[in-house]
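J.: Sequence first, then the predicted structure, then my questions.
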Amino acid sequence: MATPLTAYLLDIYTALRDAFGHQHWWPAETAFETMVGAILAQNVSWTNAAQAVRNLDAAGMLDPCLLAAAEAGDIAPLIVPSRFYNQKTKRIREFARVYVAEYRADPAVMAAVETHALRERLLALRGLGKETVDTILLYACGKPVFVVDAYTRRIFSRYGLLPEGASYDRMQCLFTENLVPDGELFNDYHAQIVCLAKTVCRKTPLCSRCPIRVVRGPLRCAGARA
Ligand code: SF4
């Protein structure tokens with residue numbers, strides 16, 4: 001499935017991995033922790049979400065059956081650091097109920113479901129958007145689904161590959177139509193994008209320090225030319 005952009009996207013990934021090293025995502029002990037973390041990370045920094053995950057763990061609540069049966073008042077105080085904690089209480093409890101009822105609280109059972117069907121089922125849950133669901137599919141279930149976030153949009157729009165306002169689906173297709181569906185690659189590629197955006201391609205980019213500014217391809221980064 002090689003396309004004119006395949007080698008270019010792989011060269012970008014290689015340059016990032018050489019600079020930052022493999023990122024070994026997702027930072028969690030269990031698949032369920034990854035799922036909960038993906039929901040708690042909505043619209044908040046990972047630092048805040050991670051604190052909420054730690055609070056759940058310390059309270060012995062990082063358990064799908066316990067979360068599914070819990071009162072909202074038992075969950076919300078623990079996840080205050082994730083902000084929007086009342087909304088997120090409903091979301092993680094609803095997710096836990098579905099995870100227990102439909103997938104026996106077993107990540108292998110969930111991962112065995114055909115990818116498109118599983119994605120549609122999770123997208124039907126209130127408050128779970130494409131980025132959250134794709135994060136669960138990739139990092140908890142090992143599905144070859146590319147996760148798009150604001151950092152992806154920032155970096156690849158600066159490259160001029162897509163406009164900054166490109167839709168989630170269009171941005172995702174940039175990767176899925178030009179790369180073989182490889183869960184390992186997609187896992188670390190997204191992690192590298194996050195690392196680049198946090199350290200170098202920030203709101204004000206530090207282009208002179210960017211490991212991908214010299215990648216040869218059909219387009220060169222606008223930031224590197226500046
Ligand atoms: S060269 Fe500059 S604008 Fe382009 S990806 Fe690197 S830091 Fe971002």
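T.: Arrived safely, thanks for sending.
J.: so which strand or helix has residue 73?
T.: Taking DSSP states H and E as the criterion, residue 73 maps to helix 72-75.
J.: Centre of the chain to that helix, how far?
T.: Mean-position distance between helix 72-75 and its chain equals 26 Å (Cα atoms, centre = their mean, to the nearest Å).
J.: and if you look at stretch 141-155?
T.: Relative to its parent chain, stretch 141-155 has a centroid offset of 6 Å by Cα atoms, centre = their mean.
J.: Residue 121: neighbour count?
T.: 16 (other Cβ atoms under 10 Å). All C-beta atoms are positioned from the backbone trio N, CA, C, and that covers glycine.
J.: same thing with the one 10 residues further on?
T.: Neighbourhood size, residue 131 [other Cβ under 10 Å]: 18.
J.: Alpha carbons of the host helix or strand of it, as PDB, please.
T.: Secondary structure here is read from DSSP H and E; on that basis residue 131 sits in helix 130-135. Taking Å, rounded to 0.1, in the frame of the first residue of the first chain, the C-alpha atoms of helix 130-135 are listed here in PDB:
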ATOM      1  CA  LYS A 130     -13.200   9.700  18.500                       C
ATOM      2  CA  GLU A 131     -10.000  10.600  20.200                       C
ATOM      3  CA  THR A 132     -10.900   8.800  23.400                       C
ATOM      4  CA  VAL A 133     -12.300   5.700  21.700                       C
ATOM      5  CA  ASP A 134      -9.400   5.400  19.400                       C
ATOM      6  CA  THR A 135      -7.000   5.700  22.300                       C
END
